[in-house]
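**Q** I would like to see how this sequence folds:
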Amino acid sequence: MKFETLMLRSLFAACLAVCGLILGAMLVTDPSDASLADTGIAAILLAAPGHCALVADGVICPHVDG
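**A** Numbering: from 1, shown residues only. The predicted model follows:
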């Protein structure tokens with residue numbers, strides 16, 4: 001067996017294992033365990049920065065004309 005074939009097969013097996021673990025975690029997790037409702041939307045919005053960290057070019061960071 002060639003080295004490239006062995007590498008591709010092992011990469012496929014590793015990707016399949018990671019995808020299986022992620023799918024298993026999504027199926028097992030309870031929605032109550034992963035909720036952000038305890039902190040409240042107001043606390044999340046207050047923790048967000050008031051300005052954009054990127055250049056305000058109007059596409060990624062919309063700027064207010066006025």
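**Q** what about this structure, any weak spots by pLDDT?
**A** Low-confidence segments of the chain (pLDDT under 70): 31-66.
**Q** what is the helix or strand containing residue 24 packed up against?
**A** Assigned by DSSP states H and E, residue 24 belongs to helix 3-28. The helices and strands touching helix 3-28, judged by 3 or more Cβ pairs under 8 Å, 6 or more residues apart in numbering; DSSP states H and E, number zero. Placement of C-beta: from N, CA and C, glycine included.
**Q** for residue 6, what are its contacts?
**A** By Cβ atoms under 8 Å, 6 or more residues apart in numbering, the contact set of residue 6 is empty.
**Q** how close does it get to residue 18?
**A** 19 Å (Cβ to Cβ, to the nearest Å).
**Q** with residue 11 instead?
**A** 11 Å.
**Q** count of neighbours near residue 5?
**A** 9 (other Cβ atoms under 10 Å).
**Q** same question for residue 7.
**A** Using other Cβ under 10 Å, residue 7 is surrounded by 10 other residues.
**Q** okay, it and residue 13: tell me how far apart.
**A** Taking Cβ to Cβ, one finds residue 7 at 11 Å from residue 13.
**Q** same check, this time on residue 20
**A** Distance of residue 20 to residue 13, given as Cβ to Cβ: 10 Å.
**Q** next: residue 24.
**A** From residue 24 to residue 13 the distance is 16 Å (Cβ to Cβ).
**Q** please apply the same query to residue 2.
**A** From residue 2 to residue 13 the distance is 17 Å (Cβ to Cβ).
**Q** these two: who's more crowded?
**A** Higher neighbour count among residue 2 and residue 13: residue 13, with 10 against 7, using other Cβ under 10 Å.
**Q** quick check: that one vs residue 4, distance?
**A** From residue 13 to residue 4 the distance is 15 Å (Cβ to Cβ).
**Q** residue 27 too?
**A** 35 Å.
**Q** kindly report the same for residue 16.
**A** From residue 16 across to residue 4, the span is 19 Å (Cβ to Cβ).
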